[in-house]
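J.: Next input, structure requested:
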Amino acid sequence: MPVNLATTDLPCPLWRRLLALVYDLLIVVAIVMVVGLLCQLATGGQLIRTAGKTVVPIWYQLLQALVVMAYFISSWRRGGQTVGMRSWRIRVTGDDGGTPSLQQALIRALVAASPLVLLMLEPMVGLHATLWTLLLVWTAWFAVALLDPRRRAVHDFAAHTEIRRLA
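T.: From the prediction side, this is the model:
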């Protein structure tokens with residue numbers, strides 16, 4: 001039975017896209033765990049060093065980021081939906097209503113993840129303050145959607161995309 005991916009002209013409410021994001025967070029945790037296991041096996045259990053101070057290799061952090069971004073970008077490019085978005089019947093579209101281009105998906109992912117750069121503050125201000133700052137920035141990122149008639153967040157503005165409900 002073919003799936004109808006026709007979208008409505010109704011923008012997606014913020015609560016619906018945040019719940020879809022929670023679903024996707026579960027997928028991301030699973031992806032990170034599998035990549036972590038494979039890297040631990042490949043390094044003989046010596047991936048992360050904890051002698052005095054925890055040291056996580058930069059190549060491992062970049063690999064994790066690439067794999068997570070690949071999940072989102074490939075999902076948006078294949079029908080405009082992640083697993084969480086399918087559950088909540090929403091879809092990412094370009095301004096023209098079609099599937100986002102590779103460039104749009106890449107920009108969307110990079111801008112959405114850009115607040116993670118704040119994690120570099122942790123050695124200076126501590127983990128607690130860093131995580132609260134990150135939460136506040138992401139709240140502002142999505143709060144923009146409450147003010148926009150098309151319910152676009154910062155990353156949607158940057159990539160010229162929007163989230164629409166499925167018909």
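
J.: Which positions within the helix or strand harbouring Ser74 qualify as buried?
T.: Ser74 belongs to helix 58-77 when assigned by DSSP states H and E. For helix 58-77, the neighbour count (16 or more other C-beta atoms under 10 Å) marks Tyr60, Gln64, Val68, Met69, Tyr71, Phe72, Ile73, Ser75, Trp76, Arg77 as buried. In short, each C-beta sits where N, CA and C put it, glycine included.

J.: Other residues contacting it?
T.: 24, 27-28, 31-32, 35-36, 39, 47-48, 81-83, 85, 92, 99-100, 102, 105-106, 108-110, 113 (C-beta atoms under 8 Å, 6 or more residues apart in numbering).

J.: Mind giving me the ChimeraX command for buried ones among those?
T.: Under the burial definition 16+ other C-beta under 10 Å, those of these that qualify are selected in ChimeraX by:
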select :24,27,28,35,39,47,81,82,85,92,99,100,105,106,108,109
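
J.: Return the subset of the contacts of helix 58-77 lying in helices.
T.: Applying DSSP state H to the contacts of helix 58-77, the entries found in helices are 24, 27-28, 31-32, 35-36, 39, 83, 85, 102, 105-106, 108-110, 113.

J.: Return the residues in contact with Met85.
T.: Contacts of Met85 (C-beta under 8 Å, 6+ apart): Ala20, Asp24, Ser75, Arg91, Val92, Ile163.

J.: got a list of what the second one touches?
T.: Residues in contact with Asp24, defined by C-beta under 8 Å, 6+ apart, are Phe72, Thr82, Val83, Gly84, Met85.

J.: which intervals of this protein have sub-threshold pLDDT?
T.: The chain contains residues with pLDDT under 70 at 1-8.

J.: make it 90
T.: Residues of the chain that meet the criterion pLDDT under 90 lie in 1-11, 45-56, 95-97, 119-123, 167.

J.: State the distance from the residue lying closest to Leu118 once chain neighbours are set aside to Asp96.
T.: Take Leu118 and drop its neighbours on the chain: the residue closest to it by C-beta to C-beta, 6 or more residues apart in numbering is Leu134, 5.0 Å away. Using C-beta to C-beta, to the nearest Å, one obtains 33 Å as the distance from Leu134 to Asp96.
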